[in-house]
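Colleague: give me a model of this one.
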Amino acid sequence: LPIDPRLGRMLLEADANGCASEVLVIVAALSIQDVRERPAEHQAAADAAHARLADPHSDFITYVNLWRYLNVQARDLSGSAFRRLCRAEFLHYLRFREWRDVVNQLRQMARPLGISAGPVGEPPHRDVIEAAASGGTADAAARAVVAFTQGTATVDADQIHRSLLVGLLSNLGSWDESKRDYEGARGTHFTIWPGSGVGGRPAWVMAAELVETSRLFARTVARIRPEWVGPAAGALVKRVHSEPYWSSSKGAAMVKEKVLLYGLTLSADRPVLLGGLGDTVIDEAGASSSGLLGAAPGAGALGAGPLTARALAREMFIRHALVEGEWRERHAFQRANEELVEQAREVERRSRTHGLVADEEARFAFFDDLVPEDVVSAAHFNRWWKGERRSRPDLLTYPRALLLPRGAGEGDGFPAHWVGGGVRLPVSYEFSPGSPRDGVSVRVPVEALARVSDEGADWLVPGMVEELITGTIRALPKAKRRLLAPAPEAASRIAQWLADNPSGAAPARDRAAPTRADDREDPASLSAAMDRLARWGASTGAARTDRPRSGAKDRESTRDAARADRPRGPATADPQEAATTPAQGAPGGTPPAGNQAPTTGAAPRRPPFATAFASAVRELRGED
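Modeller: Sure thing, here's the model as predicted:
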């Protein structure tokens with residue numbers, strides 16, 4: 001096409017949008033001098049005559065109105081009458097003939113190219129006659145043309161503007177409220193020409209040309225929508241992306257996208273799917289070919305090759321959705337996995353061992369091996385899983401071997417119930433060192449309290465006996481404690497001896513201080529144990545909310561209480577020794593025997609723990 005390449009591009013786009021006839025008229029008008037005249041001595045009259053055909057949203061549509069108006073008048077008037085009309089309404093007759101010639105030539109040249117651009121529709125003669133009944137002939141024709149353009153029989157104006165946009169990408173502008181003008185491409189600022197028919201301050205405009213006189217003016221403008229620019233600009237648009245983040249509502253990794261055209265911001269902070277960026281490569285610095293794209297926190301490169309946006313989106317989906325459950329979907333395998341993880345954590349709490357349950361990396365590797373490479377969001381996953389679960393419903397359910405090491409949690413060392421006085425009570429486990437709930441707890445209903453026996457309470461549970469022995473050794477006076485060093489090794493041997501001799505041995509001879517009157521009851525009874533616990537707590541400060549007094553009298557009475565309790569088990573430590581040990585009832589702590597309420601059922605007539613401990617020490621080490 002022998003015209004400006006930008007105008008030719010408009011024609012090609014218009015043919016695809018089904019508005020080639022109207023755009024061809026506009027392209028021809030932009031190729032010649034404006035048909036409208038505005039003599040200095042008659043500016044107001046010229047503006048009033050031209051305003052009848054003006055479109056309030058687009059000067060380009062005004063060209064279409066003017067074309068229809070002139071053709072209707074040329075059709076209905078004689079040649080001389082038409083010339084007089086043009087002169088009276090400040091329209092250049094010869095330029096109109098040039099405009100019409102260019103339109104005809106472009107139609108002929110476009111036809112071999114497959115561009116179908118027929119005549120632009122015009123209002124029928126009867127519409128003009130009906131409009132003339134309310135005014136002059138010229139005004140009637142103008143009203144009929146404007147009504148015809150706004151009618152449903154014409155092409156959508158948005159399609160016309162989208163076709164024109166592809167050739168005017170460097171003449172866009174967005175309203176800048178701070179500077180009270182339009183910000184254009186490459187840092188320019190302009191304002192709309194005062195003679196434009198577009199009213200108000202549209203947020204976005206495109207202009208046929210920018211003319212600089214007293215300032216930079218945009219001539220022949222139209223309102224546009226910013227979302228039209230991206231598809232029209234294609235590769236000319238630059239997209240910059242922020243750091244990826246996880247969206248639980250969408251079940252996918254997202255990024256904030258900023259779209260730029262020649263430095264003009266088309267959109268900012270628009271959320272888009274990270275997986276939608278496809279194979280965009282993210283380098284070590286976190287940059288992508290389309291702009292800045294930082295890797296998500298905790299996300300690592302998958303494989304030895306370059307990390308792509310799709311691979312990062314898949315990794316974030318597996319970590320957040322499948323491993324951590326941060327999405328809105330609820331599949332059967334998720335509920336099963338949550339139950340299995342909770343069971344594994346219960347084993348961890350009972351065995352009092354951190355890190356026993358498989359970490360997130362192990363669970364991520366489990367899903368990574370099973371989920372296809374193209375699953376990067378909840379929508380992709382649901383489509384894949386809908387067919388896969390029919391044949392393999394347990395495919396994504398954790399195997400026990402994944403969550404716990406071999407042999408962990410096996411056996412009855414940590415029972416779920418304890419029997420005391422014929423009452424079966426539930427046992428709960430908590431591994432929170434320093435917390436009052438740390439250790440083993442038994443919940444006793446009030447109505448069953450009178451029937452509950454404390455027999456065996458000082459033994460804790462079988463799985464914690466060795467820790468109890470270790471804590472007891474460390475609570476002994478220094479002279480005795482040295483004979484049982486190292487404590488863990490001695491505790492292991494004592495625990496083995498107690499396992500081989502479940503009934504225990506005869507109690508060791510009592511070599512402690514004389515028995516006080518308030519301690520004559522059975523040392524294994526609950527009341528005596530609680531009394532010892534209170535004295536022990538006072539000696540360590542665990543049962544006080546204020547700071548312990550340090551007077552000599554208090555220290556002497558505390559030592560006397562400790563010596564009085566020494567034959568009863570691990571609470572016989574010197575107060576200075578006991579003050580260095582835990583006071584919350586955790587296994588390995590130093591409260592006296594019987595202070596641990598959580599228990600397990602014991603064999604009938606099992607001796608108190610302190611008695612059995614003393615027998616084991618005497619038997620293994622010859623110490624009483």
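Colleague: return the set of buried residues in the helix or strand containing residue 472.
Modeller: Counting by DSSP states H and E, the element that carries residue 472 is helix 465-475. Of all the residues in helix 465-475, those buried under the rule 16 or more other Cβ atoms under 10 Å are 465, 466, 467, 468, 469, 470, 471, 472, 473, 474, 475. For glycine as for every other residue, the C-beta is placed from the backbone atoms N, C-alpha and C.
Colleague: need the CA coordinates for that helix. PDB is fine.
Modeller: Output of helix 465-475 as PDB, limited to C-alpha atoms (Å, rounded to 0.1, in the frame of the first residue of the first chain):
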ATOM      1  CA  VAL A 465      11.600 -45.600  82.800                       C
ATOM      2  CA  GLU A 466      15.200 -45.200  81.600                       C
ATOM      3  CA  GLU A 467      14.900 -41.400  81.500                       C
ATOM      4  CA  LEU A 468      13.300 -41.600  85.000                       C
ATOM      5  CA  ILE A 469      16.300 -43.600  86.200                       C
ATOM      6  CA  THR A 470      18.700 -41.100  84.700                       C
ATOM      7  CA  GLY A 471      16.900 -38.200  86.300                       C
ATOM      8  CA  THR A 472      16.900 -40.000  89.600                       C
ATOM      9  CA  ILE A 473      20.700 -40.600  89.500                       C
ATOM     10  CA  ARG A 474      21.300 -36.900  88.700                       C
ATOM     11  CA  ALA A 475      19.100 -35.900  91.700                       C
END
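Colleague: re the thing from before, what is the nearest of the buried residues of helix 465-475 to residue 396?
Modeller: Set against residue 396, the nearest of the buried residues of helix 465-475 by Cβ to Cβ is residue 467 (37.3 Å).
Colleague: that closest one and residue 352 touch, don't they?
Modeller: Yes: applying Cβ atoms under 8 Å, one finds residue 467 in contact with residue 352, separated by 7.4 Å.
Colleague: if we can go back for a sec, ok, so of the buried residues of helix 465-475, who is nearest residue 92?
Modeller: Nearest member of the buried residues of helix 465-475 to residue 92, counting by Cβ to Cβ, is residue 467, at 104.1 Å.
Colleague: which pLDDT value belongs to the closest one?
Modeller: pLDDT for residue 467: 84.
Colleague: and what of residue 364?
Modeller: Residue 364 is given a pLDDT of 95.
Colleague: burial of it, as a residue count?
Modeller: Counted with other Cβ atoms under 10 Å, residues neighbouring residue 364 total 17.
Colleague: okay, and it sits in which element?
Modeller: Counting by DSSP H and E, residue 364 is part of helix 360-370.
Colleague: elements contacting that helix?
Modeller: helix 400-403 (3 or more Cβ pairs under 8 Å, 6 or more residues apart in numbering; DSSP states H and E).
Colleague: quick check, distance from the helix or strand following the helix it packs on to the centre of its chain.
Modeller: Next helix or strand after helix 400-403 toward the C-terminus (DSSP H and E): strand 417-420. The chain centre lies 46 Å from the centre of strand 417-420; the measure is Cα atoms, centre = their mean, to the nearest Å.
Colleague: again with stretch 253-260
Modeller: 14 Å.
Colleague: using CSV, write out every CA atom in it.
Modeller: The C-alpha trace of stretch 253-260 is given here as CSV (Å, rounded to 0.1, in the frame of the first residue of the first chain):
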residue,chain,number,x,y,z
ALA,A,253,2.1,-19.3,42.6
MET,A,254,1.5,-15.7,41.5
VAL,A,255,3.6,-12.7,40.6
LYS,A,256,2.8,-9.0,40.4
GLU,A,257,3.2,-7.8,36.8
LYS,A,258,4.1,-4.3,35.6
VAL,A,259,3.5,-3.7,31.9
LEU,A,260,5.5,-0.9,30.1
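Colleague: what about the stretch 401-550 of the chain, any weak spots by pLDDT?
Modeller: 406-412, 504-550 (pLDDT under 70).
Colleague: now do the helices in the stretch 101-250 of the chain.
Modeller: For the stretch 101-250 of the chain, the helices defined by DSSP state H, counting those that start in this stretch cover 125-132, 137-150, 157-165, 229-233.
Colleague: where in this protein is pLDDT low?
Modeller: Counting by pLDDT under 70, the chain has low-confidence residues at 125-138, 152-154, 283-305, 406-412, 504-605, 623-624.
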